[in-house]
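Novice: let me see the structure of the following:
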Amino acid sequence: MGAIERLAAYFEFDEHGTDFTTELIAGITTFLAMSYIIVVNPTVLLPAIMGFNEAGEQNQQTTIDGTVYDAGEVFQMLAIATILASIVAIAVMALYAKRPFGLAPGMGLNAFFAFTVVLGMGIPWQTALAAVFVEGVVFIAITVVGAREYIISLFPEPVKFSVGAGIGVFLLFIGLQEMEVVVADPETMVALGDLAQNPAAILGVCGLFLTFVLWARDVRGAIIAGILGTTVAGWTLLYAGVASASQLAPEALLDQETGTVTFATVTSPQYDISPLVGAFVEGLRDVDPATFTLVVFTFFFVDFFDTAGTLIGVSQFGGFLDEEGDLPEMEKPLLADAVGTTVGAMIGTSTVTTYIESSTGIEEGGRTGFTALVVGLLFVLSLVAVPIVAAIPAYASFIALVVVGIIMLQGVLDIDWQDPAWAVSGGLTITIMPLTYSIANGLAAGIIAYPLIKTAMGEYDDVHAGQWGIAVALVAYFYVATSGMLG
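Specialist: Model prediction:
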């Protein structure tokens with residue numbers, strides 16, 4: 001039996017109606033859609049470690065365990081830690097859970113870590129890592145005993161079946177922003193960008209419609225072709241002098257002072273991450289119990305519902321859910337992010353979670369853990385090929401999110417819009433996600449609304465006691481999160 005046959009047997013290609021080539025393309029697609037995290041996560045976390053001076057400018061040097069490091073060295077350490085944490089989590093997902101989901105340090109959770117906990121509350125970054133470590137250990141414990149899966153099974157049906165569409169709108173919104181098609185506006189909050197004056201936006205739109213055409217014609221690898229084609233076009237126009245580096249070069253490779261392209265940061269990656277490894281142990285010392293518990297509580301709630309929403313939504317898109325809207329053997333993929341979070345904290349990065357970008361690979365036909373394995377192997381390769389990953393500009397990589405976001409809108413067909421409880425709960429789940437930039441918030445809004453509307457309809461007997469319990473806990477979370485208690 002050859003290697004491909006062994007892989008097919010282990011990952012059960014035939015049972016899932018897939019093959020080696022399909023899974024390979026799916027894995028590459030997912031990686032391209034989420035590889036931005038390799039440079040974005042260090043960018044978000046760097047201020048937390050470097051700190052700011054009295055003038056409000058980020059420090060260019062910091063001392064860790066008596067040794068002075070500059071910002072570039074710390075950035076590279078964080079990039080390597082990001083990759084390693086992703087590899088560990090994806091390995092568990094691929095080989096144990098056998099699901100086609102990619103994992104990495106989560107966006108939003110890393111911003112909460114850096115700007116709310118460390119810079120806002122004044123908590124040392126080592127202590128913040130300790131909070132993430134504790135959260136991960138708790139997740140492992142409740143996943144192993146089945147408590148996490150049980151809680152998710154209590155989510156109301158309209159919430160489970162609307163998460164996919166909600167994530168679709170969220171992906172669409174994120175993608176259009178990163179492509180600069182949608183921009184911030186002081187009066188209307190968002191508005192159409194100045195497309196005619198923005199070469200990056202023009203390229204992004206052209207690449208987007210190229211991808212749509214290829215997808216409509218059922219071309220295999222349409223999303224990969226769109227991303228890579230747009231990337232090549234961008235670099236070609238850049239070196240042809242049609243546009244400047246500040247307009248078309250990926251932000252990770254742009255020297256902000258000179259406005260030119262530089263590979264200095266990523267051509268010599270800092271593989272020695274020992275200053276970050278084990279820093280969480282120092283963070284466990286001399287902590288204020290009340291503040292530390294509050295931080296762990298918030299990390300726990302956001303990660304729990306963010307991961308649950310992503311798993312349910314992406315699984316719905318892939319047809320993995322059963323008739324009740326549950327993912328069979330959900331404890332296995334849940335354990336992957338729990339292990340990833342724990343290991344990530346140990347080596348110096350924030351909470352690891354399942355990525356909504358996994359839906360891009362599923363759209364390409366990924367159905368087994370081999371898709372995730374390909375994503376993990378590409379993260380391994382990125383350790384020695386960081387410049388290649390960094391060379392993909394946002395206006396190209398985020399094409400995948402817009403395409404898949406639109407496709408995922410088909411999830412609204414699974415909602416019974418004639419039933420008030422389904423309409424309100426499902427509608428809030430779908431709309432709150434993009435409007436608050438949080439999967440967890442959308443999920444929570446739908447969960448809270450369901451028992452209230454059911455009771456108003458006189459159908460309170462249909463509401464499980466556990467659903468009331470989750471709703472009350474989420475109300476408490478929203479109070480904590482919006483009361484200013486977190487600084």
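
Novice: so where's the protein shaky on pLDDT?
Specialist: Counting by pLDDT under 70, the ranges of the chain that qualify are 1, 252, 256, 264-270, 386-387, 485-487.

Novice: residue contacts, the most centrally placed residue in it?
Specialist: Among the residues of the chain, residue 355 comes closest to the average C-alpha position under Cα atoms, centre = their mean, at 4.0 Å. Under the criterion of Cβ atoms under 8 Å, 6 or more residues apart in numbering, the contact partners of residue 355 comprise 30, 34, 37, 101, 102, 103, 104, 106, 310. C-beta here means a position set from N, CA and C on the backbone, and glycine is covered the same way.

Novice: try residue 46
Specialist: For residue 46, the residues meeting the contact criterion (Cβ under 8 Å, 6+ apart) are 58, 71, 74, 75, 78.

Novice: can you verify my assumption that the last one contacts residue 349?
Specialist: Yes - using Cβ atoms under 8 Å, residue 78 and residue 349 qualify as a contacting pair, with a distance of 6.6 Å.

Novice: who has more neighbours, those two?
Specialist: Neighbours per residue (other Cβ atoms under 10 Å) separate residue 78 from residue 349, with residue 349 holding more: 32 against 28.

Novice: in contact with that one, which residues?
Specialist: If a contact means Cβ under 8 Å, 6+ apart, then residue 349 has 41, 45, 78, 81, 82, 85, 105, 110, 276 as its contacts.

Novice: again, 6 Å this time
Specialist: 81, 82, 85, 105 (Cβ atoms under 6 Å, 6 or more residues apart in numbering).

Novice: just the buried positions in stretch 334-342, please.
Specialist: By neighbour count, and taking 16 or more other Cβ atoms under 10 Å as the criterion, the buried residues in stretch 334-342 are 334, 335, 336, 337, 338, 339, 340, 341, 342.

Novice: got CSV for those residues, with secondary structure and distance to residue 196 too?
Specialist: Compiled in CSV, these are given as follows (DSSP: H, G, I helix; E, B strand; the rest coil; distance: Cβ to Cβ, whole Å):
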residue, secondary structure, distance to residue 196
334, helix, 47
335, helix, 49
336, helix, 45
337, helix, 42
338, helix, 48
339, helix, 48
340, helix, 43
341, helix, 44
342, helix, 49
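
Novice: what's the neighbour count on residue 89?
Specialist: Other residues near residue 89 number 31, with proximity taken as other Cβ under 10 Å.

Novice: any chance of the backbone angles for the residue nearest to the centre of the chain?
Specialist: Here the main-chain torsion angles of residue 355 (degrees, to the nearest 10) amount to phi -100, psi 130.

Novice: where's it relative to residue 432, distance?
Specialist: Distance, residue 355 to residue 432, by Cβ to Cβ, to the nearest Å: 20 Å.

Novice: and what of residue 79?
Specialist: Here the criterion is Cβ to Cβ. By it, residue 79 lies 33 Å from residue 432.

Novice: which of these two has more residues huddled nearby?
Specialist: Counting neighbours by other Cβ under 10 Å for residue 79 and for residue 432 shows that residue 79 has the greater number, 30 against 22.

Novice: tell me which helix or strand the more buried one sits in.
Specialist: Following DSSP states H and E, the helix or strand that holds residue 79 is helix 71-92.

Novice: which residue ranges of this protein form strands?
Specialist: According to DSSP state E, the chain carries its strands in the segments 61-64, 67-70, 103-105, 182-185, 189-192, 352-354.
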